[in-house]
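Engineer: pasting the sequence and the predicted model now:
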Amino acid sequence: MPANNILYAQSGGVTPVINATAAAVIQAARAHPDRFGGVFAAADGIIGALEERLIDTSSLTDDDLHRLPRPRAVHSARAVTSSRAWIRTGASTSA
């Protein structure tokens, strides 16, 4: 069976807990390359997913993932952004 890609999109403010979850998703996918292909993060959450603005997380090193819950410690953490979009009205604010 071919490996499937993962799309990770966040909603709400980018916090250390949310970034830790993102790191865990990426690490889990990397631990099972027979099941999962790439992990892509949607820039600005659901808005990025709808606009197909995806970030390939393969450039993040293990050290980056370890530091991801502390966004000031690694510039790459800014790639995992979120949105407070209201799909019904189209109003959006990016975090």
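Structural biologist: In hand now; what should we look at?

Engineer: just the mean pLDDT for the longest helix belonging to the chain, thanks.
Structural biologist: With secondary structure taken from DSSP state H, the chain has its longest helix at helix 16-31. The average of the pLDDT scores along helix 16-31 is 88.

Engineer: got the buried residues for it?
Structural biologist: The neighbour-count check on helix 16-31 (16 or more other CB atoms under 10 Å) flags 18-19, 21-23, 25-26, 29-30 as buried. Quick note: C-beta positions are derived from backbone N, CA and C, even for glycine.

Engineer: out of these, which is nearest to D56?
Structural biologist: Taking CB to CB as the measure, I26 is the one of the buried residues of helix 16-31 closest to D56, at 10.9 Å.

Engineer: for the protein, what spans make up the strands?
Structural biologist: Along the chain, counting by DSSP state E, strands occupy 4-8, 10-11, 36-42, 54-56, 82-83.

Engineer: which of the ones you listed is buried the deepest?
Structural biologist: Across these, the average number of neighbours (mean count of other CB atoms under 10 Å) peaks for strand 82-83, which reaches a mean of 24.
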